[in-house]
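Asker: Here is my input, please return the structure:
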Amino acid sequence: LSFVTMIFSYNIFNHTQDYKVSSSSYSASYNNKNSFYNFLNPACNSDNNDFMYSVLGKNFNGILENQQLFFSINSKIINNINVAFLRTSIDDIYDTSTAWNDHNQNGIVDIDEIDYGNISKFSHNTLGLILSKPLSFNKFRLGINTKFSISSLFDQHAFAHSFDLGFFKQINDLKLGMVIKDLFYRSHWSKGAVNMIDSQLILGSNYDYKKLNVSFDYNFYKNEYFIGTNFNYNSYLDLQFNHSSLEKLYLGFFVKFKKINIGYSFIVPKYSELGTSQRIMIGVNTDSFNLKL
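Answerer: Residues are numbered from 1 along each chain as shown. Reported below is the predicted structural model:
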């Protein structure tokens, strides 16, 4: 029951926070040179992203599968829209709810009371879509996320929607960001239930000192902090180390080439019972491969 409760409270859109490149900050990681997507704070997204990124990951020692796809659309009709497709799944979970019967009503299910042939399997899947639009206004950067997701569990289905609002300001080498996350979140289940998530306020700061980048974010609603560093070893390699109130350790690297980028991250959570998480990311330069989105 605790595991199912944890899964239902696991917001698919939090996956966009799991891989942090160019800086460790969630709210203030705007970087013109790398032009990497930051879907937590839409104001931090660049006006021109030349790479399409695909992310594959496993959470909780591989129990929760995760896939992501990020790209930008720039055309005469649609200008500078960043798109993210996300999917999470728990595959082949054993369902034993109808496999036992306490015939003698002693409150204990004995071995001979278990029908092993009646143990089935099910999967839990969630698909998510984020449409992100960055804007500039009077030397400030603004942004909005529109987020949708569809979930399925047994014979039930759910549709969820919400918004993020982001703000960003750079003062010399100091970057300041703010995110109002999960505005008007509603999850509508096919049997009539409606779930809600309270909005969150996250403030972030990010500072560049030579090749070292240091950041600190704070989530006021959850009383959570995020702190980390990003070291630019050379023009091709970034090394990352992060720590937060939820992550005991986050290690990652990002290798940049002209046509392809490769990233990897390894996460040890605060609670060891959850197991480790891993991410691998591959980015392809859309101009080099004549992909015009």
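Asker: and the gap between the closest residue in space to residue 276 that isn't next to it in sequence and residue 204?
Answerer: Counting by CB to CB, 6 or more residues apart in numbering, residue 276 lies nearest to residue 268, which is 5.6 Å off, once chain neighbours are set aside. C-beta here means a position set from N, CA and C on the backbone, and glycine is covered the same way. Counting by CB to CB, to the nearest Å, the gap from residue 268 to residue 204 is 22 Å.
Asker: Looking at those two, which is more packed in?
Answerer: Legend: neighbour count by other CB atoms under 10 Å for residue 268 and residue 204, higher for residue 204 (26 against 15).
Asker: So for the residue lying closest to that one once chain neighbours are set aside, what's the pLDDT?
Answerer: Leaving out its chain neighbours, the residue that sits closest to residue 204 by CB to CB, 6+ apart is residue 27, at 2.7 Å. Residue 27 carries a pLDDT value of 83.
Asker: Then residue 128?
Answerer: For residue 128, the pLDDT comes out at 92.
Asker: Just the element for the residue nearest to residue 276, please.
Answerer: Taking DSSP states H and E as the definition, residue 268 sits inside strand 260-269.
Asker: Beyond that strand, next helix or strand please.
Answerer: strand 277-285.
Asker: For that next one, the averaged confidence score.
Answerer: On average, strand 277-285 scores 88.
Asker: Which positions within that strand qualify as buried?
Answerer: 277-279, 281, 283-284 (16 or more other CB atoms under 10 Å).
Asker: Show me the contact partners of it.
Answerer: 18-19, 21, 50-60, 66, 252, 254, 258-267, 269, 291 (CB atoms under 8 Å, 6 or more residues apart in numbering).
Asker: Repeat that for stretch 216-224.
Answerer: Taking CB under 8 Å, 6+ apart as the rule, stretch 216-224 contacts 25-28, 198-205, 225-227, 244-246.
Asker: now for that stretch, what's the gap between its first and last residues?
Answerer: 11 Å (CA to CA, to the nearest Å).
Asker: now it, how far from the chain's geometric center?
Answerer: 16 Å (CA atoms, centre = their mean, to the nearest Å).
Asker: May I see the buried residues of that stretch?
Answerer: Residues of stretch 216-224 classed as buried by neighbour count (16+ other CB under 10 Å): 216-219.
Asker: Show the low-confidence segments of the stretch 51-200 of the chain, by residue range.
Answerer: For the stretch 51-200 of the chain, the stretches with pLDDT under 70 are 97, 102-107, 109, 122.
Asker: which of the contacts of strand 277-285 count as buried?
Answerer: Among the contacts of strand 277-285, those classed as buried by 16+ other CB under 10 Å are 18-19, 21, 51-53, 55, 57-60, 66, 252, 254, 261, 263, 265, 267, 269.
Asker: how about the nearest residue to residue 157, chain neighbours excluded?
Answerer: residue 190 (4.6 Å).
Asker: how about the helices in the protein?
Answerer: Secondary structure of the chain (DSSP state H): helices at 2-8.
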